[in-house]
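> Give me the fold of what follows.
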Amino acid sequence: MANVSPRRALPLLTSPHGGGRSALTCWFRCGNQCAHDVQNPSENTYFGDVVAEVVSRRGVLRAGTLGALAV
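Coordinates of the predicted model:
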């Protein structure tokens, strides 16, 4: 046999998941990302964090209102 990968167990048969979620919820919602390595090991900030700092809900509503008034 050449290069046979081990079989993965079904999500129902795996050990209990830590935290408040069930293992199936984690598996189907986020692909069980908490069990994997961090994808961004650099010291740079995430794009979502930068956007959250710049754009707020009130700012978007204010810009939309001003845009509607301008039209």
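> So for the residue nearest in space to the middle of the chain, what's the pLDDT?
What sits nearest the mean C-alpha location of the chain, by CA atoms, centre = their mean, is Cys30, with 6.1 Å. At Cys30, the pLDDT value in this model is 76.
> Then Gly64?
For Gly64, the predicted pLDDT is 92.
> hang on, the earlier thing: for the residue nearest to the centre of the chain, what are phi and psi?
Main-chain torsions, Cys30, degrees, to the nearest 10: phi -130, psi 10.
> what about it, distance to His36?
10 Å (CB to CB, to the nearest Å). Glycine gets a C-beta too; all of them are placed from N, C-alpha and C.
> same thing with Thr25?
With CB to CB as the criterion, Thr25 and His36 are 16 Å apart.
> Compare those two (neighbour count), which wins?
When neighbours are counted by other CB atoms under 10 Å, Thr25 and His36 differ, and Thr25 comes out ahead with 14 against 8.
> what are the ranges of the helices in the protein?
23-30, 47-54, 57-70 (DSSP state H).
> Could you dump those into CSV with distance to Pro6 added?
Formatted as CSV, the helices of the chain follow (distance: least, CB to CB, whole Å):
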stretch, distance to Pro6
helix 23-30, 18
helix 47-54, 35
helix 57-70, 47
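> Comparing the ones you listed, which stretch has the densest surroundings?
Sort the helices of the chain by mean neighbour count, taking mean count of other CB atoms under 10 Å, and helix 23-30 sits at the top with a mean of 14.
> on contacts alone, who are the packing partners of it?
Helices and strands touching helix 23-30, as assessed by 3 or more CB pairs under 8 Å, 6 or more residues apart in numbering; DSSP states H and E, are absent.
> For it, C-alpha coordinates in CSV please.
C-alpha atoms of helix 23-30 as CSV (Å, rounded to 0.1, in the frame of the first residue of the first chain):
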residue,chain,number,x,y,z
ALA,A,23,-19.1,19.2,18.2
LEU,A,24,-21.5,19.1,15.3
THR,A,25,-22.3,22.8,15.7
CYS,A,26,-18.7,23.7,15.5
TRP,A,27,-18.1,21.3,12.6
PHE,A,28,-20.9,22.7,10.4
ARG,A,29,-20.7,26.4,11.3
CYS,A,30,-17.0,27.1,11.2
